[in-house]
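S.K.: Model the structure of this input:
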Amino acid sequence: MLNEPFLTTRPEAGSEIPLLVWRAEAPLLAVGSAPLGGGIGVRRWVLNATVPMSYDRDDPADHLAELAGGLGLAGPGVGLLTGVDVTEVVARADDGVRVWATVGLGTPVWAAAPAPATPAQRVGTVNIVAYVPARLGDAALVNAVATATEAKAQAIWELGLPATGTPTDAVTVLCPADGDPAPYGGPRSAWGAPLARAVHAAVLAGGAGTVVPWSEQRRAG
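M.R.: Coordinates of the predicted model:
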């Protein structure tokens with residue numbers, strides 16, 4: 001079981017910057033594209049950390065490992081970064097599947113867009129953390145990532161943006177490490193269908209309003 005996240009902060013450059021932390025009651029099998037703990041493997045925790053829009057470190061995995069160590073998170077875990085204030089996380093559930101999303105759409109792009117002439121200046125990141133309460137086989141885990149991504153793209157399209165996501169989106173799907181593996185994770189499968197609905201609902205809700213990056217909120221305040 002993946003517990004509900006708790007909110008904490010870290011001191012950095014004279015500010016208290018928010019972080020969301022999920023702890024697992026027992027080690028979970030995870031798949032994802034996170035800079036720390038991506039790929040497929042057993043994970044014990046998830047961290048989603050806000051960073052300023054000026055963030056320029058080129059070692060995000062090391063940075064996330066440092067943050068996890070400062071929080072006393074032991075063992076392998078998943079670490080994500082976002083310019084979004086993670087206190088604005090949106091949670092949705094559907095038929096036992098639970099999803100949390102931080103939704104920043106400052107740089108909406110088509111996945112197959114031509115190469116830009118200049119790098120994008122405004123960062124937008126959609127981070128999705130999902131828990132499926134049944135063991136998924138390896139192929140189903142990979143399929144679940146595709147399903148979550150398709151549902152995210154559907155929500156972005158319904159929000160009226162000509163895009164499938166942003167250049168820095170990440171998704172992590174976790175499930176029990178034991179049990180009879182479910183073979184499918186597609187959008188019409190037993191677990192892929194509620195996953196798709198929950199991701200769609202979370203991204204749609206999170207992107208419905210104006211999302212102001214944390215560092216811009218701080219300057220405005």
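S.K.: would Ala155 count as being in a strand?
M.R.: No - counting by DSSP: H, G, I helix; E, B strand; the rest coil, Ala155 is not part of a strand but helix.
S.K.: Which residues are in contact with it?
M.R.: Contacts for Ala155 (CB atoms under 8 Å, 6 or more residues apart in numbering) come out as 199-201, 203-204, 207. Placement of C-beta: from N, CA and C, glycine included.
S.K.: same thing with Glu216?
M.R.: Applying CB under 8 Å, 6+ apart, we find Glu216 in contact with Met53.
S.K.: Can you name the helix or strand that it falls in?
M.R.: Assigned by DSSP states H and E, Glu216 belongs to helix 214-220.
S.K.: Include neighbour count, secondary structure and distance to Ser54 when you put the contacts of Ala155 into CSV, please.
M.R.: Listed next are these as CSV, based on neighbours: other CB atoms under 10 Å; DSSP: H, G, I helix; E, B strand; the rest coil; distance: CB to CB, whole Å:
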residue, neighbour count, secondary structure, distance to Ser54
Val199, 30, helix, 30
His200, 23, helix, 32
Ala201, 19, helix, 32
Val203, 30, helix, 26
Leu204, 20, helix, 29
Gly207, 24, coil, 23
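S.K.: now, among these, which is nearest to Ala68?
M.R.: Closest to Ala68 out of the contacts of Ala155 is Val199 (24.8 Å), distances taken as CB to CB.
S.K.: residues touching the residue nearest to the closest one when sequence neighbours are not counted, list them.
M.R.: Excluding the flanking residues, the one nearest Val199 by CB to CB, 6 or more residues apart in numbering is Ala151, at 4.0 Å. Each residue near Ala151 by CB under 8 Å, 6+ apart is listed here: 187, 195-197, 199-200, 203.
S.K.: a markdown table for those, including distance to Leu20 and pLDDT?
M.R.: Listed next are the contacts of Ala151 as a markdown table, based on distance: CB to CB, whole Å; pLDDT from 0 to 100:
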| residue | distance to Leu20 | pLDDT |
| --- | --- | --- |
| Pro187 | 27 | 98 |
| Leu195 | 20 | 98 |
| Ala196 | 23 | 98 |
| Arg197 | 22 | 98 |
| Val199 | 17 | 98 |
| His200 | 21 | 98 |
| Val203 | 16 | 98 |
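S.K.: of the residues you listed, closest to Glu88?
M.R.: Distances from Glu88 to the contacts of Ala151, taken by CB to CB, are shortest for Val203, at 12.7 Å.
S.K.: if I pick the closest one, what's in contact with it?
M.R.: Residues in contact with Val203, defined by CB under 8 Å, 6+ apart, are 90, 101, 103, 126, 128, 151-152, 155-156.
S.K.: what about the helix or strand harbouring Thr147, distance to the chain center?
M.R.: Element membership of Thr147 [criterion: DSSP H and E] is helix 138-158. Chain-centre distance of helix 138-158: 12 Å, with CA atoms, centre = their mean, to the nearest Å.
S.K.: In JSON lines, list the contacts of Ala155 along with distance to Arg44.
M.R.: Converted to JSON lines, these look like this (distance: CB to CB, whole Å):
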{"residue": "Val199", "distance to Arg44": "23"}
{"residue": "His200", "distance to Arg44": "28"}
{"residue": "Ala201", "distance to Arg44": "27"}
{"residue": "Val203", "distance to Arg44": "26"}
{"residue": "Leu204", "distance to Arg44": "30"}
{"residue": "Gly207", "distance to Arg44": "30"}
